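Novice: Sequence plus the predicted model coming up.
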Amino acid sequence: MFMLKKILTPFVLPPGLFIISLILAGAWFLYKKNRKAGIVNLIIACFAWLLSISPVSDVMLRGLESEFSIPENPQGDVIILLGGGINDKAPDISGSGAPADTMLSRIVTAVRLKQRLNIPIIVTGGKFAGHESSEAIIVRRFLIDLGVPANEIIIEEKSRDTIENAKFTSEICAKSGYENPILVTSAYHLKRSVMSFEKVGLEVTPFPAGFKTWPDKEYRWTAYLPGDFTKASTAIKEYLGLVFYQLVY
């Protein structure tokens, strides 16, 4: 019964439900001699299935993460913590609003790094469309809850994207005399982030958080059942961002 549940559940929940529906529709069209419609349905189903499984989405993410590793002995005079999204107005133990799941690994990494190096943290992230609070304010509250002194947190809440993160934090660094910033963000986001800081003329030490891929990662048979599009969507967004930043900035 346990194995049956493991096999059936991915096909009952989206996107597995839609994938199996497309496969059945494709088979039906082929049975009815509508070869073109059948093949189109089966191709869409296969494409969706591939994008939903970790062995494929990890290949996409590996191209973003593979060139970065955690520095053995990082040295710097300030930590730059890039925003990664918030859940505005979400109930929380110490107030309203909470970081998105992706952001939590960045926060924990920054706090652990701050404990080791005893240097201040610049939190960068402004308001998103329709949000009442800026990301930097919410993240600051979490940092304080985790033991970071309030007077060692600098907030930048004007930026709306990665290139603006770089622009406004570079201005803070120049004004405050920080010359060796350590940049903390998700491993998959570092490539675009480092590019952004290079474009504004600030050299940073990249410090990845929340790796989703690593050498010799093993996959069990369940990894090949339909999953979700989260990691594939993340990878596609980053690749599009890299192209856009190269063309526009």
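Specialist: Here it is on my side, so go on.
Novice: use CA for all of it now, contacts and neighbours both
Specialist: Fine.
Novice: What segments of the protein are helices?
Specialist: Remark: helices assigned in the chain by DSSP state H are 2-12, 16-31, 35-52, 54-65, 101-117, 135-145, 162-176, 190-199, 230-248.
Novice: Go through the first one and flag the buried ones.
Specialist: Read it as helix 2-12. Under the neighbour-count criterion of 16 or more other C-alpha atoms under 10 Å, helix 2-12 has 10-11 buried.
Novice: what packs against it?
Specialist: If you count contacts as 3 or more C-alpha pairs under 8 Å, 6 or more residues apart in numbering; DSSP states H and E, helix 2-12 packs onto helix 16-31.
Novice: can you give me the mean pLDDT across the helix it packs on?
Specialist: Averaged over helix 16-31, pLDDT sits at 97.
Novice: Contacts for it, please.
Specialist: 10-11, 35, 37-42, 44-46, 48-49, 226-227 (C-alpha atoms under 8 Å, 6 or more residues apart in numbering).
Novice: I'd like to know which of the helices of the chain is closest to Lys217.
Specialist: With C-alpha to C-alpha, the closest approach to Lys217 among the helices of the chain belongs to helix 54-65: 9.3 Å.
Novice: neighbouring contacts of the closest one?
Specialist: 50-51, 187-191, 211-214, 219, 223-224, 227, 231-232, 235-236.
Novice: Any of those buried? List them.
Specialist: 50-51, 187-191, 211-213, 227, 231-232, 235.
Novice: May I see these organised as TSV, with distance to Val108 and pLDDT added?
Specialist: Formatted as TSV, those follow (distance: C-alpha to C-alpha, whole Å; pLDDT from 0 to 100):
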residue	distance to Val108	pLDDT
Leu50	32	98
Leu51	29	98
Ala187	14	98
Tyr188	17	98
His189	16	98
Leu190	17	98
Lys191	20	97
Phe211	13	97
Lys212	16	97
Thr213	19	97
Gly227	27	95
Lys231	21	97
Ala232	24	98
Ala235	22	98
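Novice: Least confident secondary structure element in the protein?
Specialist: helix 2-12 (a mean of 83; mean pLDDT, DSSP states H and E).
Novice: tell me the angle that helix makes with helix 16-31.
Specialist: 80 degrees (axes from the mean of the first three to the mean of the last three C-alpha atoms, to 10 degrees).
Novice: Any idea how far helix 2-12 is from the middle of the chain?
Specialist: 28 Å (C-alpha atoms, centre = their mean, to the nearest Å).
Novice: Export that helix to CSV, keeping only CA atoms.
Specialist: Below are the C-alpha coordinates for helix 2-12, written out as CSV (Å, rounded to 0.1, in the frame of the first residue of the first chain):
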residue,chain,number,x,y,z
PHE,A,2,2.8,2.4,0.8
MET,A,3,4.5,1.9,-2.6
LEU,A,4,1.1,2.2,-4.4
LYS,A,5,0.6,5.6,-2.6
LYS,A,6,4.0,6.8,-3.6
ILE,A,7,3.4,5.9,-7.3
LEU,A,8,-0.2,7.2,-7.5
THR,A,9,0.1,10.5,-5.6
PRO,A,10,2.2,12.3,-8.2
PHE,A,11,-0.4,11.5,-10.8
VAL,A,12,-3.3,12.7,-8.7
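Novice: Sweet, I'm off.
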